[in-house]
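Student: Output the structure for:
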Amino acid sequence: MTQVVEIRCRDSTGTKFDYPQLDSSKNLKVSLATALDSSTDSVTSTIVPAATIGHGRTTVTPAYTITQLYSTPTSCQWITIQAARSNTGFIAIGTSPGVTATPGASYGVVLESLDTYTLNGDLADIYINGTVTNDAVTYTYGV
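Tutor: Below you'll find the model as predicted:
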């Protein structure tokens, strides 16, 4: 069975920071926007079993078109979306209608090349919109 390590960091106000990444030695590291106060803040890790792991790629064609990430309803424990390395513009991730990557009027989470965003939910409820035709995202998910 495949397992995923979920890392959660919270400051004393309950604000969640999730920035896991691998360093050059393949060690898992967490970067935080602010330092943790050991008396009030916490860092926890949990091994989350995932029965199935899948992946895909979605392309925005033409630019500024709201595009569904995946058409088949698929409820996921986690979904990690990454802007493709070859992207030259911005990709916004959100719901439809409303997600837009329009400069100065963006709605959703906006990614540049190789930026990632992790969430949970249903693949069919996620939409992308990009500023450049043929920019794309790749995604991996655990069901």
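Student: Low-confidence regions, the protein specifically.
Tutor: 1-50 (pLDDT under 70).
Student: repeat that for 80
Tutor: Scanning the chain for pLDDT under 80 picks out 1-51, 97, 103-105.
Student: can you pull out the strands in it?
Tutor: For the chain, strands defined by DSSP state E occupy the ranges 2-10, 16-17, 20-22, 28-30, 42-50, 53-59, 67-68, 75-83, 91-94, 109-111, 116-122, 127-130, 136-142.
Student: Please save the CA atoms from stretch 73-80 in CSV.
Tutor: Below are the C-alpha coordinates for stretch 73-80, written out as CSV (Å, rounded to 0.1, in the frame of the first residue of the first chain):
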residue,chain,number,x,y,z
PRO,A,73,-15.8,13.1,-10.3
THR,A,74,-13.0,11.7,-8.1
SER,A,75,-13.0,12.4,-4.4
CYS,A,76,-9.4,12.7,-3.1
GLN,A,77,-7.6,12.6,0.2
TRP,A,78,-5.1,15.0,-1.3
ILE,A,79,-4.3,16.6,-4.7
THR,A,80,-1.0,18.3,-5.5
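Student: Run through who's touching it.
Tutor: 4, 6, 48, 50, 54, 116-124, 126, 139-143 (C-beta atoms under 8 Å, 6 or more residues apart in numbering). C-beta here means a position set from N, CA and C on the backbone, and glycine is covered the same way.
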